[in-house]
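Novice: Predicted model and sequence below, questions to follow.
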Protein chains: 2
Amino acid sequence: MIRITREADYGILLMTALAQAQGQPCSAAALARQRRLPLPMVSKILKTLTRAGLLNSQRGAQGGYVLAQPAAEISAADIISVVEGPIAITACSDESHDRCARQEDCEVSGHWPRINLAIHTALQSISLEELSQPLAPRPVRFHSPSRATTVRAVDRPV
Amino acid sequence: MIRITREADYGILLMTALAQAQGQPCSAAALARQRRLPLPMVSKILKTLTRAGLLNSQRGAQGGYVLAQPAAEISAADIISVVEGPIAITACSDESHDRCARQEDCEVSGHWPRINLAIHTALQSISLEELSQPLAPRPVRFHSPSRATTVRAVDRPV
DNA sequence: CTAATCGGTACCGGATTAGTACTATTTTCG
DNA sequence: CGAAAATAGTACTAATCCGGTACCGATTAG
């Protein structure tokens, strides 16, 4: 299934909102209202994005958040890796095991780097600008009425 | 971070083991020993893979599992989607919400299909055959001694 | 008939995540 | 100068989900 945290989901939602705001500063509260997300969560995520340098923040009255770079220069990979915390695709390939319990077996099939790289490349090829364009040429109706079959057939799982 | 369940990790481990077995049937116990994985888990995963048609099973004494297709024709996407349960990258894009709570907002930024598709394509381009070749041209030493810096620098997170 | 092996279900403990609450700090505006 | 508005940070709680285990049934070879 290749899950992504809800935080990352929200993160993308928020970034697209900011991209559509065209440089107009948006407060956390405004974004939360607009996207119907819980404010504290939004606040938390915006903070993270700011610390990572993807957003600029302005404190005080009339303050808010703005994209730190043009939308075209921010990739989905950037956003996701920031919000999710960095690292790769499976426990074994992160830093936690200095000496992996299944070292020799892992060595035998050191495949995750390959897979990680593929995914990372894929995500990097998607810019925030693309994501911000509403529904332009969208091949799939995702929330279609008879989803069970439709979704299955078209958007083959990952 | 784009996590993958440990089940999927095991699934790939097992499939590569079977690919390397060259059509020789392997019992669940033998595979568990070889890869040092907990037997019940292995059993469970093999069952799933069999139901999905990626493996053929032979019951009874001297039974075991065999790849149902040549390794070259099985992709990482196949394995992962089978083991993880199907579907996509985030809760909102799976079947559970008939009418998504944030429908209009989702519509505004119906971006996950795009991302899912990109990842799926990436994973489909990796065949089990490739994954089974031990360490051939492996650009990254993953369990390297000074992992913290090495891993971070080379295998940028996803 | 017996042993080996796959097949399925139900269940538990622990880790992780989503979400909340509270407080401090900074800046604008009257 | 003071009050209000907004971000920044931290600590805590509740709920979900995942990995793992146990158990029993079904099937086949010898």
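Specialist: All right, it came through fine.
Novice: Would you state the strands of chain A in chain order?
Specialist: Assigned by DSSP state E, the strands in chain A fall at A:55-58, A:64-67.
Novice: can you put these in JSON lines and add distance to DNA strand C, mean pLDDT and mean neighbour count?
Specialist: All C-beta atoms are positioned from the backbone trio N, CA, C, and that covers glycine. Formatted as JSON lines, the strands of chain A follow (distance: least, Cβ to the nearest atom of the strand, whole Å; pLDDT from 0 to 100; neighbours: other Cβ atoms under 10 Å in any protein chain shown):
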{"stretch": "strand A:55-58", "distance to DNA strand C": "7", "mean pLDDT": "90", "mean neighbour count": "16"}
{"stretch": "strand A:64-67", "distance to DNA strand C": "11", "mean pLDDT": "92", "mean neighbour count": "20"}
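Novice: What separation is there between A:Ala122 and DNA strand C?
Specialist: 21 Å (Cβ to the nearest atom of the strand, to the nearest Å).
Novice: so that residue touches B:Ile126, yeah?
Specialist: No: if you go by Cβ atoms under 8 Å, A:Ala122 and B:Ile126 don't touch, sitting 11.6 Å apart.
Novice: between those two, which one's more packed in?
Specialist: It is A:Ala122, of A:Ala122 and B:Ile126, that has more neighbours when counted by other Cβ atoms under 10 Å in any protein chain shown, with 22 against 19.
Novice: Could I get the contacting residues of that one?
Specialist: Residues in contact with A:Ala122 (Cβ atoms under 8 Å, 6 or more residues apart in numbering or on different chains) are B:Ala118, B:Ile119, B:Thr121, B:Ala122.
Novice: Distance across stretch A:23-37, terminal residue to terminal residue?
Specialist: Separation of the first and last residues of stretch A:23-37 by Cα to Cα, to the nearest Å is 21 Å.
Novice: Quick one: residues in contact with that stretch.
Specialist: A:10, A:13-14, A:17-18, A:38-39, A:41-43, A:46, A:58, A:62-67, B:101-102, B:105.
Novice: go with 10 Å
Specialist: Outside stretch A:23-37, the residues within contact range by Cβ atoms under 10 Å, 6 or more residues apart in numbering or on different chains are A:6, A:9-10, A:13-14, A:16-18, A:20-21, A:38-47, A:55-58, A:61-67, A:70, B:101-106, B:108-109.
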